[in-house]
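Visitor: Test case, fold it:
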Amino acid sequence: MRFLVAVSPFIGASLAARPFLDVADTGFTDYLTKTAEWTEGKLPDLQDIRALPDFEFAAKQVLPEESWAFYRLAAGQEWGYRNNLDIWKKVPLRPRFMRDVTDLENNIGIELFGHNFSAPFFIAPAGNAGHSDPERAELNFMEASGDEDILYTAALYATKTIEELDAVKRNDTSNGRQVIFQQIYTVDDLDITWTNIQRAVDTGAKAIVLTVDTPGSSVRVRGARHSGVDYPAASTRPHTWDVYDEIRARTDLPIILKGIQTVEDAKEALDRGVDGIYLSNHGGRQLEFSPSPIEIAYEIYRNAPHIFQQVPVLADSGVRTGSDVLKLLALGVRAVGLGRPFMYANVYGYEGVRRAIRLLKNEIIQDGWNLGISSLEDLNPNLLNVKSLEQNVHRVTC
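Guide: A predicted model of the protein is given here:
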């Protein structure tokens, strides 16, 4: 007994010092080095990709250092990025059995603002897909999402223009012509913002996703290191409710606020008539120690659960698996976005993006079967162990 007491502090220290795995270990590297015709620095065969983290490993093999840094970077010392990936293990599932789950495969579709999609996840707005496919860039996202009938939310700062993306929309989805949402940033010259919104309207976007979590430039050490230049001068954007009101007056499209990170802001958005809210910490790229999407979702669930019933709630940041998606949906989120994984998959072009979509659909179905649900409507907070979240939830009077 004395021996166990003596070594226990060292065991704790060892566990605490466990290194962070930037790419989850799925056995991919062992497989490649032992059984595949592969050498480091070469793109693995697409058929050997079995999960979304494999795409990250694959992309790192072939992307130029500056392009890799652009996708991988996060704010400050990157705690927010690491927390986005680590937080899921703190929310175990509580599966239920002896239930008929056979219908789930046909019940993972969702509806957003009157439009139907085949799965509860979407390609989130992430800029400059030309780093991973210089020739086709975001065209791969448009075409693969259309063929798989999922939502694509196009980034404003894309390699391809709004008009170029519109030109490759599919015409035979569940909604007829393919539905996309357009992400928008404000800039100091608001005439540019008004023009971008009008371009989105003219090309048939069905919602505006207004990013609000970038009021100022951010500390991005990794990006500065690999760009070869000093930090640019600090800058800000006009993110205010007055600007929102002017945007609201300029379009009848639904407006979704992207970057909500507290229940207070979620409630104020609801009070001001916002059509939807989007929980996100920008993939950990803007503010060190910003909360992960499941922490934000739980804060809203504990303080103002009615928000989930009154407007569609979207979320992204750190999502890598089907179970991550299910956890957010169980708290009331309607649709879950992924950015980096699709950027990494894009090194394979259209086929890589489509494989990523199919892998995630399959994980949602199989994880859902083993969780005990027959449709997404069966998801609820009782299927989660939220003890860790409860210890840290911020309580407010709403």
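Visitor: which stretches of the stretch 201-350 of the chain have low pLDDT?
Guide: Applying pLDDT under 70 to the stretch 201-350 of the chain flags the ranges 218, 226-234.
Visitor: could you say what helices and strands the longest helix along the chain packs with?
Guide: If you go by DSSP state H, the chain has its longest helix at helix 350-371. When contacts are defined as 3 or more CB pairs under 8 Å, 6 or more residues apart in numbering; DSSP states H and E, helix 350-371 packs onto helix 52-62, strand 121-123, helix 139-148, helix 322-331, helix 340-345. For glycine as for every other residue, the C-beta is placed from the backbone atoms N, C-alpha and C.
Visitor: Reformat those as a markdown table; add distance to L32.
Guide: As requested, the helices and strands packed on helix 350-371 are exported to a markdown table (distance: least, CB to CB, whole Å):
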| stretch | distance to L32 |
| --- | --- |
| helix 52-62 | 9 |
| strand 121-123 | 27 |
| helix 139-148 | 24 |
| helix 322-331 | 23 |
| helix 340-345 | 16 |
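Visitor: Can you tell me the SS state at the nearest residue in space to K90 that is not next to it in sequence?
Guide: Of all residues not flanking K90 in the chain, S388 sits nearest, at 4.0 Å (CB to CB, 6 or more residues apart in numbering). The local conformation at S388, judged by DSSP: H, G, I helix; E, B strand; the rest coil, is helix.
Visitor: these two touch, right, S388 and K89?
Guide: No. Using CB atoms under 8 Å, S388 is not in contact with K89, being 9.2 Å away.
Visitor: Looking at those two, which has the bigger crowd around it?
Guide: More neighbours surround S388 than the other of S388 and K89, with 15 against 8 (other CB atoms under 10 Å).
Visitor: Quick check: which element contains I256?
Guide: In this structure, I256 sits in strand 255-260 according to DSSP states H and E.
Visitor: how about stretch 188-204: buried residues?
Guide: 193, 196-197, 199-201, 203 (16 or more other CB atoms under 10 Å).
Visitor: oh, I was asking about stretch 109-119
Guide: Buried residues in stretch 109-119 (16+ other CB under 10 Å): 110, 112, 115, 117-119.
Visitor: Can you pick out the ones from these that are in strands?
Guide: 110, 112, 115, 117 (DSSP state E).
Visitor: hey, where'd the strands end up in the stretch 201-350 of the chain?
Guide: Remark: strands assigned in the stretch 201-350 of the chain by DSSP state E, counting those that start in this stretch are 208-211, 255-260, 276-279, 313-316, 335-338.
Visitor: got those as a markdown table, with distance to E299 columns?
Guide: Shown next, in a markdown table, are the strands of the stretch 201-350 of the chain (distance: least, CB to CB, whole Å):
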| stretch | distance to E299 |
| --- | --- |
| strand 208-211 | 20 |
| strand 255-260 | 10 |
| strand 276-279 | 9 |
| strand 313-316 | 12 |
| strand 335-338 | 17 |
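Visitor: For S132, find the nearest of these.
Guide: strand 335-338 (14.2 Å; CB to CB).
Visitor: Could you tell me how many residues sit around P64?
Guide: Neighbour number of P64 under other CB under 10 Å is 10.
Visitor: and what of the one 3 residues further on?
Guide: Taking other CB under 10 Å as the neighbour definition, S67 ends up with a count of 19.
Visitor: Would you mind listing the buried residues in the longest helix of the chain?
Guide: For helix 350-371, burial by neighbour count (16+ other CB under 10 Å) applies to 350, 352-357, 359-361, 363-365, 367-369, 371.
Visitor: for stretch 307-314, same thing?
Guide: Of the residues in stretch 307-314, those buried (16+ other CB under 10 Å) are 307-308, 311-314.
Visitor: Give me the contact list for it.
Guide: 112-113, 122, 256, 258, 263, 266-267, 270, 274-279, 297, 300-301, 331-337 (CB atoms under 8 Å, 6 or more residues apart in numbering).
Visitor: Then stretch 187-198?
Guide: Outside stretch 187-198, the residues touching it (CB under 8 Å, 6+ apart) are 156, 162, 184-186, 208, 237-238, 243, 246-247, 250-251.
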